[in-house]
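> Just need the structure, nothing else, for what follows:
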Amino acid sequence: MNLKMNTFGKVIALIICLLVPIIVLYGYSHQVSVNVVKQTVEDGNRNRLSFFMSQMESMIEQLTKYSVIASKDYSIMEYLNGRNQSSPVVQVQRRQRISEMLNMQIATSSWNNQLILYVTDSKEVISTDYSVTYNESYIRGSEFKRWSHRKLGDQTFFSRLKESDKPNLLVEVRFADDNIENMLNLLKQGGETDPFLYQKGQEPLTNRTANQALVKGVIEQLDRIALDRSGSQTITLKEQKYVVNYIRSESLGWYLVDFVPLEKIYSPITVNRNLFYIIVGLLLLLSILVTLLLYRNVQRPIRLLIRGVQRIKDGQYSVRLKKQPNNEFDFLFNSFDEMAEQIQELIEKVYKETLRSKEATLKQLQSQINPHFLYNCLFYIKSMASLGEKEAVAAMALNLGEYYRYTTRTEKTMTTLREELKLVDNYLTIQNLRIQRFHYEIDIPEAMLDLSIPRLLLQPLVENAIIHGIENSPEFGIIYVSGVTEDGLHRLIVDDNGKGISMDEMARLQKELELPMEEETGCGLWNIHQRLVHMYEGRSGLSFSLSPMNGFRVMMAWEQRSDDVLKKGEA
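Predicted structure coming up:
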């Protein structure tokens with residue numbers, strides 16, 4: 001029976017077919033939700049960074065315009081032209097007006113910044129920061145018309161130096177890193193992110209409460225990739241994934257970077273996912289309970305019933321279904337037990353009748369063979385008596401008496417191999433007296449002599465060797481009877497050096513042993529084979545092969561059992 005197609009298997013397949021689409025559809029829906037939420041959060045973070053960047057760019061552009069406006073002020077031209085013509089007092093007043101103009105410029109910005117004028121021919125400095133001095137190496141190391149990050153002493157700032165349209169005049173605008181840090185603090189306020197300003201090869205500008213270890217890890221990852229004008233990357237830090245968003249400042253050339261844990265992005269759908277997992281777990285648990293109930297109340301009774309039917313099919317008619325499922329299968333189990341009991345009774349009746357029939361056939365065979373054998377022996381005694389061979393007459397009479405005393409004991413169906421060999425020895429001695437042109441040997445291990453076997457099994461095999469092997473051959477005959485126990489089998493082997501038979505005839509004879517007995521079938525060999533098969537089962541029976549003596553070999557085998565040895569008094 002194909003177990004894959006039984007009812008229980010179909011129910012399990014149905015449950016799986018119900019659960020799998022639900023899990024697959026939810027998995028797809030969950031992935032879509034994750035992607036939508038992730039995209040939404042990433043877009044929100046990018047918009048936030050873009051807005052922040054636009055504010056910063058606006059402030060930087062404003063500072064750039066201040067430097068241009070300051071360099072075009074009339075008071076600066078008046079001061080530069082009057083250095084050699086005006087009195088020192090007037091020049092001081094003009095310088096004071098320039099300082100006031102610069103202070104008014106930076107006062108309009110919310111950023112902390114400085115405007116510095118460098119007069120290169122006289123190496124003068126006019127600035128809102130009175131600590132600034134003329135530094136030739138600083139000026140030479142600056143990149144004109146570009147914002148660069150500079151450090152002087154303890155101060156770090158962004159600076160832009162440009163040449164004015166007035167000769168010998170340079171204008172520099174500075175703003176401190178604190179301005180960027182303040183904006184980053186505002187950007188982080190109320191959030192779990194750590195925005196920072198990044199430029200490869202430079203120290204980053206972070207908010208004041210930033211996690212420096214995480215920022216350093218993000219920078220190490222960003223250093224390995226080429227960044228576009230804006231974008232996002234997913235990185236892993238300390239076994240946790242982060243989404244990194246970045247946008248480039250066109251004025252400074254630095255990147256504004258922000259990173260957020262993926263766990264935070266997925267948090268809106270985590271509760272929904274957990275609820276679904278709980279529901280799926282409950283469905284699986286209920287499915288397992290339903291499966292167990294089906295297995296216990298349906299599948300197990302069916303399997304027991306199938307097993308019982310199979311055992312009856314294999315010939316085990318004593319099988320009974322003792323377990324009661326306490327459901328609708330009770331009726332089937334009781335009906336099966338009643339059916340098995342009736343079948344066993346019928347089989348036993350038929351088997352007993354078959355045994356009686358075989359015993360009657362055996363007795364009929366003995367009644368047919370024994371008179372002919374007796375007539376031959378009596379004619380031999382008469383001939384030897386006429387010739388005056390008293391010893392031959394005595395030997396024949398003695399062996400003939402022993403032979404018939406054994407064969408006429410019908411009260412016991414079993415004997416020992418030792419007793420059976422005595423019969424064989426008597427029979428071969430009788431035939432040797434008659435024919436006088438063959439030799440026989442019996443070589444049976446001592447351990448096998450007390451084995452229990454049915455009566456009159458071995459003598460027909462020896463008789464078959466005499467009639468079909470020795471008598472039909474003009475050459476001197478040899479009969480060799482041997483025995484061996486190995487591989488769980490007892491074996492008795494009868495070899496002769498007669499003409500033998502062909503392989504085809506041997507195969508036909510072997511096949512006839514398994515068929516019902518017909519008129520042309522050899523009754524003796526068939527009867528011995530059937531008695532062995534029915535009594536010992538398994539590998540028991542007769543088999544034929546070529547003898548090592550170039551004649552015919554018959555091997556009688558029966559299964560080794562614990563009751564092989566007869567108790568005293570049974571034989």
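
> average model confidence for stretch 95-107?
Stretch 95-107 shows a mean pLDDT of 82 in the predicted model.

> buried sites along it?
The neighbour-count check on stretch 95-107 (16 or more other C-beta atoms under 10 Å) flags 97, 98, 99, 101, 102, 105, 106 as buried. C-beta: built from backbone N, CA, C; applies to glycine.

> any idea how far residue 286 is from the fourth one?
This means residue 101. According to C-beta to C-beta, to the nearest Å, residue 101 stands 84 Å off from residue 286.

> which helices and strands sit right next to whichever strand or helix holds residue 243?
Under the criterion of DSSP states H and E, residue 243 resides in strand 240-248. Applying 3 or more C-beta pairs under 8 Å, 6 or more residues apart in numbering; DSSP states H and E, one finds that strand 240-248 contacts helix 7-71, helix 212-222, strand 230-237, strand 255-261, helix 262-294.

> Turn these into CSV, including mean pLDDT and distance to residue 81.
Formatted as CSV, those follow (pLDDT from 0 to 100; distance: least, C-beta to C-beta, whole Å):
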stretch, mean pLDDT, distance to residue 81
helix 7-71, 80, 15
helix 212-222, 88, 51
strand 230-237, 85, 48
strand 255-261, 87, 44
helix 262-294, 77, 63
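
> Ok, which of the ones you listed comes nearest residue 436?
Of all those, helix 7-71 sits nearest to residue 436, with 75.9 Å by C-beta to C-beta.

> what's the angle from whichever helix or strand comes after that closest one to helix 7-71?
Using DSSP H and E, the helix or strand that follows helix 7-71 in sequence is helix 74-81. Calculated by axes from the mean of the first three to the mean of the last three C-alpha atoms, to 10 degrees, helix 74-81 forms an angle of 50 degrees with helix 7-71.

> Show residues contacting helix 74-81.
Applying C-beta atoms under 8 Å, 6 or more residues apart in numbering, the set of residues contacting helix 74-81 from outside is 70, 91, 94, 95, 97, 98, 101, 117, 119, 166, 168, 169.

> just stretch 95-104 next, same as before
Under C-beta under 8 Å, 6+ apart, the answer for stretch 95-104 is 70, 73, 75, 76, 79, 115, 117, 126, 127, 128.

> Check the fourth one and give its pLDDT.
Residue 76 carries a pLDDT score of 81 in this model.

> try the second one
Predicted confidence (pLDDT) at residue 73: the value is 78.

> Look up how far residue 116 lies from it.
Using C-beta to C-beta, we find residue 73 at a distance of 14 Å from residue 116.

> again, but for the first one
Distance check for residue 70 against residue 116: by C-beta to C-beta, it reads 10 Å.

> what's the overlap in contacts for those two?
Residues touching both residue 70 and residue 116 (C-beta under 8 Å, 6+ apart): residue 171.

> So what angle separates the directions of whatever helix or strand residue 172 lives in and helix 74-81?
Assessed by DSSP H and E, residue 172 sits inside strand 169-176. Calculated by the same axes, to 10 degrees, strand 169-176 forms an angle of 130 degrees with helix 74-81.

> same for strand 169-176, what does it pack against?
helix 7-71, strand 113-119, strand 155-163.

> of residue 73 and residue 116, who's got more company?
Applying other C-beta atoms under 10 Å to residue 73 and residue 116 shows that residue 116 carries more neighbours, namely 21 against 16.

> okay, now the domains of the protein?
Per automatic domain parsing, the structural domains of the chain span 1-191+270-316, 346-559.

> quick one: least confident helix or strand in this structure?
Every helix and strand of the chain was ranked by mean pLDDT, DSSP states H and E. The lowest is helix 329-386, at a mean of 70.

> circling back: tell me which residues of the strand holding residue 243 are tucked away?
In strand 240-248, counting by 16+ other C-beta under 10 Å, buried: 242, 243, 244, 245, 246, 247, 248.

> Verify the contact between the first one and residue 221 for me.
No: in this structure residue 242 lies outside contact range of residue 221 using C-beta atoms under 8 Å: 9.1 Å.

> who touches both of the two?
Any residue near both residue 242 and residue 221 by C-beta under 8 Å, 6+ apart counts here, and that gives residue 235.

> Mind listing residues that contact the strand or helix carrying residue 395?
Using DSSP H and E, residue 395 maps to helix 390-407. By C-beta under 8 Å, 6+ apart, the surrounding residues in contact with helix 390-407 are 366, 370, 374, 377, 380-381, 384-385, 419, 422-423, 426-427, 429-430, 433, 456.

> which of those count as buried?
For the contacts of helix 390-407, buried by 16+ other C-beta under 10 Å: 366, 377, 380-381, 384, 419, 423, 426-427, 429-430, 433, 456.

> if I look at the closest residue to residue 318 other than its chain neighbours, how far off is residue 256?
Leaving out its chain neighbours, the residue that sits closest to residue 318 by C-beta to C-beta, 6 or more residues apart in numbering is residue 344, at 6.0 Å. Using C-beta to C-beta, we find residue 344 at a distance of 93 Å from residue 256.

> what does residue 89 give?
Taking C-beta to C-beta, one finds residue 89 at 50 Å from residue 256.

> Comparing these two, which residue is more hemmed in?
Between residue 89 and residue 256, counted using other C-beta under 10 Å, the more crowded position is residue 256 (25 against 8).

> Tell me if I'm right that the more buried one and residue 193 touch.
No: shown here, residue 256 and residue 193 do not form a contact pair, counting by C-beta under 8 Å, at 11.6 Å.

> Now do the SS call for residue 102.
At residue 102 the chain is in helix, as set by DSSP: H, G, I helix; E, B strand; the rest coil.

> That should have said residue 317, apologies.
With three-state DSSP as the criterion, residue 317 reads coil.

> Give the next helix or strand downstream of the helix holding residue 395.
Following helix 390-407 in sequence order, the next helix or strand is strand 414-416 (DSSP H and E).

> What strands line up against that next one, and which way round?
strand 452-454 (antiparallel) (DSSP bridges).

> other SSEs contacting the helix or strand following the partner strand?
Sequence-wise, the next helix or strand downstream of strand 452-454 (DSSP H and E) is helix 458-465. Judged by 3+ C-beta pairs under 8 Å, 6+ apart, helix 458-465 is in contact with helix 417-435, strand 477-486, strand 489-496, helix 523-536, strand 552-559.

> Residues contacting the longest one, please?
Right, helix 417-435. Under the criterion C-beta under 8 Å, 6+ apart, residues 376-377, 380, 392, 395-396, 399-400, 402-403, 406-407, 438, 440, 442, 444, 448-451, 453, 455-459, 462-463, 466, 470-471, 477, 479, 481, 483, 492, 571 lie in contact with helix 417-435.

> okay, now residue 168: neighbour count?
Using other C-beta under 10 Å, residue 168 has 14 neighbouring residues.

> Quick check: it touching residue 117?
No: taking contacts as C-beta under 8 Å, residue 168 lies outside contact range of residue 117: 10.7 Å.

> roughly how far apart are residue 498 and residue 464?
Separation of residue 498 from residue 464 (C-beta to C-beta) stands at 10 Å.
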